[in-house]
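Trainee: Provided below for reference: sequence and predicted model.
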Amino acid sequence: MQDIQNLAIQTYLENLEYFKNNHPDLYQRIILLSSAIDNQQYKERYHLEYIQDDEEFDIFDTHNETHLYNRKPKEFIQTAVASSNLDKENSIELLNPDIYNMTKALDINKQTTQVFKVQAKVQNDIFEYTKIFNKSTTNPNKKFKQIEKFIFSGTLLGRHIEPIALKLKSLLLFIFEKNLEIFRLSLFTTNYAKISNEHNLMLMFSVMENENQEFNHLKRFFGYEVYSNHMFKYYSTNYNIGNFFDVLLSVIKTQSPFSFTYEKMIDSLIIPVCENISNYPILDTKFKHTVLRDIPVLFIAAGPSLGYNIEWVKQHKEKYFIVAVGAAVKTLINFDIIPDIITSADADEVIKKQFPFEIRDKIQHIPFLTSSSTFKEVLDIFPKTNIVLFELMCLIKKKSELLKGYSVGEITLRLLTILGANTIYMLGTDMALDQETGATHIGDHDQVKVQSITENQKEENFFMKDNNSQTKETSLVVKGNFRDTVVTTTAFINSINAYKYNMQIILQQNPNIKIFNLCDGAYLEGITPLKIENAIIPNENKQELNIQKELLNHATMGVNTEDIQNIKECIVIVNTLISNIKKFKKIKLKSYQEFRDKRRQILTIIHQHLSSYADLYAGIIFNRYYLTMEAYLGFQFNAKLTNEKELINRVKIVWCDHMLRLASEYKIHMSKLIH
């Protein structure tokens, strides 16, 4: 027994040294907990107990007086290892079966809508790869050569981690544990230092972190070895794992290359931006505007709460400066509520539906503040004299601030603060389903959807934690603004995270700003929940304000010398990229590994050299293509293939041709700005 205790202490000390050198933040928290235990400032709930019959340790929970392994730790370890194999079991599949298993190309003609055209171009690119392999991604019996990335959800004592990692020939492990005390006990039983050093494994840890920290760590995990992102295989202890899988699902959703595809970046971003920037005034978003300072602003979006409170808005419409996103305008006009500004951010022709013909005469005098990538058909709805653009995502002009958001709501909030607003009431920004009807938006929204909400969904997140899962639209439970929890969707989760990101910036710039959320929806971090009956109604009607004149005072058209020089430098690097791709295309390859090795110079140009011009989106377009195809290629080559050499050379030709096409298209459109 003494030898066992000595080995446990030695393991603990080796782990401490490893964490000190490799994970210093986690090391400090472990040391603080150990010190608190030694000084009797913290009373341990969990204790190690050696089970003689098993020759393994168990964890005794003093609160419940139970053993977490049920006094059978060896059986637990054996079952965990036996259930983790080189297959699809216990995994989250990331390759959309409808996209990565096409049997023919999609037809694109003159009648094809812009939305379908952009989507079809990506899917047809993927089809050029799928017809090379002619092997479905949905085969449930596929056996892999290795599982490069593996997730451990809940460690307990971690004794199952090493044998599973070795069995699956993993390269990167994500190790999650909600309880620091339990994780500290695992340091006595599992030699993380040995797992990392002797087996050359990269370990990532998320131990007793909040959801934001978990999200960021999982985002890093997603970004490593992206060729293996065809599925995330995991083992879960199912003990005290909290909302881990929901955070993981959120990361997968936000990091998906399909959230904004490379073709959409060209067709719906680069092309309209290059067209609009010389024809419309672009707002200087780096300027410290004061036009909305000390003016109570009512910011209205199209969530379900707008429908429940539209009469309140009508009653007090003269008291607030009303800013409405495009999707809410029809509802407001129908109730004789005229917004003072209309905002939009989506590069999509369907935005036209937000402004049907029957309301267009009533919005002709309203300033339209919209993104530089707005389609011409949408811009033509408003008089040119009433349009001011702002740059979003792709920043051609040095006077533009980087704005990030998943939807128009987060972008509008940020714009309001840029314009100097310091008191903002938000309505219709629910970011959750209507908890009674399941509706996503107000009833007359052109894209409203209704999802059923069950009692089980209200109690726990509706996500399969024990079986295979795909990342299709699903419902999640999040903190409510007025309720403890509300049911939302993975799409709204992206906006919730975007609000959080933007509020961090807003509060850094103006800590005294007052922003209130009047919606019975999801809680938005940094924004104060306030029931609408408690909103402060201004005593006087809003003052007359020529907002369009104020916007135009700090807006310019076209590009200046500095902007042009920046574009020229970026194009020089794109030319270097083209040259390297052409050289790579001529190389004869022997294997998929050689394909990855000999592309490194190309990827270095994309990920490093072009990253200096991220605002111009060149590197991002190429990286999105890389992410779209790499996981699929990783899936197909992660198997024993008799014709690997033939396949990889065919893949190389397609890959090079696609990349050259993207580079050529990018150069053609960006060059229009400098000639």
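Mentor: That came through, no problem. Numbering: from 1, shown residues only.

Trainee: when you work out contacts or count neighbours from here on, use the C-alpha atoms and nothing else.
Mentor: Will do.

Trainee: how many neighbours does residue 361 have?
Mentor: 10 (other CA atoms under 10 Å).

Trainee: start at 389, not 1
Mentor: Fine by me, first position is 389 from now on; the one you just mentioned is residue 749.

Trainee: how about it, phi and psi?
Mentor: The phi and psi values for residue 749, taken as degrees, to the nearest 10, are phi -70, psi -20.

Trainee: per-residue pLDDT of it, please?
Mentor: On the pLDDT scale, residue 749 is placed at 95.

Trainee: would you quantify the distance from it to residue 771?
Mentor: 11 Å (CA to CA, to the nearest Å).

Trainee: kindly report the same for residue 955.
Mentor: 30 Å.

Trainee: so for the two, which sits in the more crowded spot?
Mentor: More neighbours surround residue 955 than the other of residue 955 and residue 771, with 18 against 14 (other CA under 10 Å).

Trainee: surely the more buried one is within a strand?
Mentor: No - per DSSP: H, G, I helix; E, B strand; the rest coil, residue 955 lies outside any strand segment and is helix.

Trainee: for it, give me its contacts.
Mentor: 784, 1004, 1058, 1059, 1062 (CA atoms under 8 Å, 6 or more residues apart in numbering).

Trainee: okay, buried residues for the helix or strand containing residue 1054 please.
Mentor: In this structure, residue 1054 sits in helix 1032-1059 according to DSSP states H and E. Residues of helix 1032-1059 classed as buried: 1033, 1035-1037, 1039-1040, 1042-1044, 1047-1048, 1050-1051, 1053-1055, 1057-1058 (neighbour count, 16 or more other CA atoms under 10 Å).

Trainee: and for stretch 407-414?
Mentor: Across stretch 407-414, burial judged by 16+ other CA under 10 Å covers 407, 408, 414.

Trainee: what about residue 666, which SS state?
Mentor: Relying on three-state DSSP, one would call residue 666 coil.

Trainee: what is the burial count for it?
Mentor: 14.

Trainee: which residue sits closest to it, ignoring its sequence neighbours?
Mentor: residue 946 (4.2 Å; CA to CA, 6 or more residues apart in numbering).

Trainee: and the strands in the stretch 789-938 of the chain?
Mentor: Secondary structure of the stretch 789-938 of the chain (DSSP state E, counting those that start in this stretch): strands at 811-815, 857-858, 863-867, 873-877, 902-905, 916-917.

Trainee: reformat those strands as JSON lines; add mean neighbour count, mean pLDDT and distance to residue 778.
Mentor: What follows is the strands of the stretch 789-938 of the chain, written out as JSON lines (neighbours: other CA atoms under 10 Å; pLDDT from 0 to 100; distance: least, CA to CA, whole Å):
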{"stretch": "strand 811-815", "mean neighbour count": "24", "mean pLDDT": "97", "distance to residue 778": "20"}
{"stretch": "strand 857-858", "mean neighbour count": "17", "mean pLDDT": "42", "distance to residue 778": "37"}
{"stretch": "strand 863-867", "mean neighbour count": "23", "mean pLDDT": "82", "distance to residue 778": "32"}
{"stretch": "strand 873-877", "mean neighbour count": "23", "mean pLDDT": "87", "distance to residue 778": "29"}
{"stretch": "strand 902-905", "mean neighbour count": "21", "mean pLDDT": "97", "distance to residue 778": "22"}
{"stretch": "strand 916-917", "mean neighbour count": "19", "mean pLDDT": "97", "distance to residue 778": "27"}
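
Trainee: looking at these, spot the one closest to residue 443.
Mentor: Closest approach to residue 443 among the strands of the stretch 789-938 of the chain (CA to CA): strand 857-858, 36.0 Å.

Trainee: close enough to count as contact, residue 905 and residue 917?
Mentor: Yes - between residue 905 and residue 917 a contact is recorded at 4.9 Å, counting by CA atoms under 8 Å.

Trainee: any residues in contact with both of these two?
Mentor: Counting by CA under 8 Å, 6+ apart, the residues touching both residue 905 and residue 917 are residue 869.

Trainee: mind listing what the residue nearest to the spatial centre of the chain touches?
Mentor: In the chain, the residue lying closest to the centroid (CA atoms, centre = their mean) is residue 642, at 1.9 Å. The neighbourhood of residue 642, defined by CA under 8 Å, 6+ apart, consists of residue 882.

Trainee: residue 611 versus that one, what's the distance?
Mentor: Counting by CA to CA, the gap from residue 642 to residue 611 is 12 Å.

Trainee: CA atoms of stretch 695-710 as PDB?
Mentor: Output of stretch 695-710 as PDB, limited to C-alpha atoms (Å, rounded to 0.1, in the frame of the first residue of the first chain):
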ATOM      1  CA  GLY A 695     -45.700  41.700 -31.300                       C
ATOM      2  CA  TYR A 696     -46.600  41.600 -27.700                       C
ATOM      3  CA  ASN A 697     -45.600  45.200 -27.100                       C
ATOM      4  CA  ILE A 698     -46.400  46.900 -30.400                       C
ATOM      5  CA  GLU A 699     -49.200  49.000 -28.700                       C
ATOM      6  CA  TRP A 700     -46.800  50.300 -26.100                       C
ATOM      7  CA  VAL A 701     -44.500  51.400 -29.000                       C
ATOM      8  CA  LYS A 702     -47.400  53.100 -30.700                       C
ATOM      9  CA  GLN A 703     -48.400  54.900 -27.500                       C
ATOM     10  CA  HIS A 704     -44.800  56.200 -26.900                       C
ATOM     11  CA  LYS A 705     -43.500  56.600 -30.500                       C
ATOM     12  CA  GLU A 706     -43.100  60.400 -30.200                       C
ATOM     13  CA  LYS A 707     -40.900  60.000 -27.100                       C
ATOM     14  CA  TYR A 708     -38.100  58.000 -28.400                       C
ATOM     15  CA  PHE A 709     -35.700  58.200 -31.400                       C
ATOM     16  CA  ILE A 710     -36.700  54.900 -33.100                       C
END
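
Trainee: mean confidence score for it?
Mentor: 95.

Trainee: buried sites along it?
Mentor: In stretch 695-710, counting by 16+ other CA under 10 Å, buried: 695, 698, 701, 705, 706, 707, 708, 709, 710.

Trainee: which residues does it contact?
Mentor: By CA under 8 Å, 6+ apart, the surrounding residues in contact with stretch 695-710 are 683-688, 720, 723-729, 830-831, 925-930.

Trainee: now intersect those with the helices, please.
Mentor: residue 720 (DSSP state H).

Trainee: pull out the buried members of the contacts of stretch 695-710.
Mentor: Buried members of those, counted by 16+ other CA under 10 Å: 683-688, 720, 725-729, 830-831, 930.

Trainee: which of the residues you listed fall in strands?
Mentor: 685, 686, 687, 688, 729 (DSSP state E).

Trainee: once you drop chain neighbours, what's closest to residue 483?
Mentor: residue 618 (5.6 Å).

Trainee: what does residue 1037 give?
Mentor: Per CA to CA, 6+ apart, closest to residue 1037 is residue 977, 6.0 Å.

Trainee: where's that neighbour relative to residue 1033, distance?
Mentor: Distance from residue 977 to residue 1033, by CA to CA: 7 Å.

Trainee: kindly report the same for residue 535.
Mentor: Counting by CA to CA, the gap from residue 535 to residue 1033 is 22 Å.

Trainee: now do the contacts for the nearest residue to residue 802 once chain neighbours are set aside.
Mentor: Nearest residue to residue 802 in three dimensions, chain neighbours excluded: residue 890, at 6.7 Å (CA to CA, 6+ apart). Shown in contact with residue 890 (CA under 8 Å, 6+ apart): 792, 793, 798, 802.

Trainee: now, which of those residues lie within helices?
Mentor: Using DSSP H, the contacts of residue 890 in helices are 798, 802.

Trainee: so where do the helices sit in the stretch 939-1063 of the chain?
Mentor: Ranges of helices within the stretch 939-1063 of the chain are 949-973, 980-986, 988-992, 1006-1025, 1032-1059, based on DSSP state H, counting those that start in this stretch.
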